[in-house]
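K.L.:
need a structure here:
(2 chains)
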Amino acid sequence: MLGDSARADTAAPGRPSGSALAEFEEIYRGNVDVVMAYFARRCGEPQVVADLTSETFVRAAGAFGSFDPRKGSPRAWLFGIAAHVFAAHCAQTANGRDAVARLAQRRPLDVDETEELAARIDAERDGRDLIARCARLPEIERAAVELVDLAGLTPKEAATALGVSRVVLRKRLSRARARLRKEHQGDE
Amino acid sequence: MSKFEDRLWRDLVRRHGADLAQMTGPSARRAQRARPRLLAGTSVALAVAVAAMVLVLSAASSPPAFAVSRNADGTYTVTLQKLTAVHGANARLAALGIRARLVVVTQGCTVKTLPPAAVRAMALAQNMVGKEAPQVATARLDPAKIPPGKWQVIPAYRVGGKVHVDKAHLIQGTTPACISTIVAPPCQVRPQTVLRNGHLTRLSFAEARKRAEAALATFRAAVSRRHTTSTGSGNSGNSGNSGNSGNSGTTTSTGTQVPAPAATWVVGCYVHVPPGHPPGAGNSGNSGNSGTSGNS
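P.N.:
Okay, here's the model as predicted:
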């Protein structure tokens, strides 16, 4: 779950906000951890986690001019991009092409970075287990559980990231939690 | 911040820093859109009174790390307290329509080099460390004296925890992403003609490449030497690097692209990857400059 620092996804009031770079840096520093964790729950390979995280922020930086905070929080916006990046990665991997490596101009990790990311992947073991348990759930319910219960997004933010209404997300989330609870009780 | 996260941030700044620094942030855009409605409710007299006051523009409600103030003679004074405030000051200059920008001096930057006089000024500032170095750096600029098509670049740097700005320089074209005190070799090999045995001779590609690589080695040695001698002072820290300084040699270089060579090899600030060749191991893509920086 997220710590307090990870919630620093909105620009602090009173902070100089003239430059987009300063605002983007704030968003980056407040969210790079959760975005990396999102990919660490899906991939066991440090280099892939690094590539996908890089690609997400490269795309975000390129599209920052069109980001409108009124439509959703920076975190929800980033998770929307991350979901697209991961979908593209899966599609390309299935085709035998590593598009992300090409798009992000893959930068090989050094030993320290590999260790850092391996530790991060290891730390997300519980999250991966939960996602594995959600395998039988419909895609949207799985995503709702992950974004709200693992990534710490509010239901409103998760709804924005998934492109559904808040009501739909709440319903799906509630249904998914009920199913997981039932399965868990069945296991016991 | 982990090492990976820091390195990723530097990559992002190198790629998009210049664009983002020129752009207004979403919060500021929102504030700008809200302002007309706010003004509509106030009296015209108040607006006139505000306009008549000395115009001091600074960061809204936080302690001002920068200020851009208009003087009675039409010139502007830019005041800088922190190197990280360069972007805020630049955004303000952009909003005022002034073709002048503060640019951070970064060791190993391959975009533009400071003139010798500025390097001497930096050395002087370095010697003043611990004495009476100014707490706030100020630069005065006159927009009327900036010719069309040119930009005034004000080098900003930090020595011993104090921010300094140097004399402004006029440059043609766009403002560089960063400037350096060390002359960098050209990023790419260009056709070169030399005097050999009394005859002008065009160097072969292999010879030109060899010379470029030798220049790169000299440059790296100079950067490394400068970095070692100025550890703990000057620009060696990257605290001021959060903006468009980085090591963004790519900014200028991409603007002057020449066809990629036939093989993959390192010259200047780039690793060239010809079309059809996947980025190889080691220095892949355009991240080859990380070895030359010395500012990380």
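K.L.:
in chain A, where is pLDDT below threshold?
P.N.:
A:1-18, A:95-106, A:186-188 (pLDDT under 70).
K.L.:
where along it do the helices fall?
P.N.:
A:20-40, A:46-62, A:74-94, A:99-103, A:111-123, A:125-133, A:139-145, A:155-162, A:166-187 (DSSP state H).
K.L.:
okay, domains of chain A per the record?
P.N.:
Domain segmentation of chain A under automatic domain parsing yields A:1-10+A:17-123, A:124-188.
K.L.:
out of these, nearest to B:Val104?
P.N.:
Minimum separation from B:Val104 across those (CB to CB) falls at domain A:1-10+A:17-123, 12.0 Å. Backbone N, C-alpha and C define where each C-beta goes, glycine included.
K.L.:
winner for burial among the domains of chain A?
P.N.:
Most buried of these, by mean neighbour count (mean count of other CB atoms under 10 Å in any protein chain shown): domain A:1-10+A:17-123, with a mean of 19.
K.L.:
can that one be said to contact chain B?
P.N.:
Yes - Domain A:1-10+A:17-123 is in contact with chain B by CB under 8 Å from any CB of the partner chain, via A:17-25, A:28-29, A:32-33, A:36, A:50, A:53-54, A:57-58, A:61-62, A:64-65, A:67-70, A:101-102, A:105-109, A:112-113, A:116-117.
K.L.:
would you list the domains of chain A in JSON lines and tack on distance to B:Val78?
P.N.:
Compiled in JSON lines, those are given as follows (distance: least, CB to CB, whole Å):
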{"stretch": "domain A:1-10+A:17-123", "distance to B:Val78": "14"}
{"stretch": "domain A:124-188", "distance to B:Val78": "39"}
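K.L.:
B:Asp73 is nearest to which of those domains?
P.N.:
domain A:1-10+A:17-123 (25.5 Å).
K.L.:
A:Leu130: what's it in contact with?
P.N.:
Residues near A:Leu130 by CB atoms under 8 Å, 6 or more residues apart in numbering or on different chains: A:145-146, A:149-150.
K.L.:
would CSV of these with distance to B:Gln152 be doable?
P.N.:
Formatted as CSV, the contacts of A:Leu130 follow (distance: CB to CB, whole Å):
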residue, distance to B:Gln152
A:Val145, 55
A:Glu146, 51
A:Asp149, 54
A:Leu150, 51
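K.L.:
can you put those residues in a markdown table and add distance to chain B?
P.N.:
Formatted as a markdown table, these follow (distance: CB to the nearest CB, whole Å):
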| residue | distance to chain B |
| --- | --- |
| A:Val145 | 26 |
| A:Glu146 | 22 |
| A:Asp149 | 24 |
| A:Leu150 | 20 |
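K.L.:
quick one: end-to-end distance for stretch B:197-211.
P.N.:
Terminal residues of stretch B:197-211 are spaced 18 Å apart (CA to CA, to the nearest Å).
K.L.:
pull out the buried positions in it.
P.N.:
Across stretch B:197-211, burial judged by 16 or more other CB atoms under 10 Å in any protein chain shown covers B:203, B:208-209, B:211.
K.L.:
for A:Gly65, which non-adjacent residue is spatially closest?
P.N.:
Excluding the flanking residues, the one nearest A:Gly65 by CB to CB, 6 or more residues apart in numbering or on different chains is B:Met23, at 5.6 Å.
K.L.:
thought B:Asp142 was touching B:Gly74?
P.N.:
Yes - counting by CB atoms under 8 Å, B:Asp142 does reach B:Gly74; the two are 7.1 Å apart.
K.L.:
between those two, tell me which one has more neighbours.
P.N.:
Higher neighbour count among B:Asp142 and B:Gly74: B:Asp142, with 15 against 9, using other CB atoms under 10 Å in any protein chain shown.
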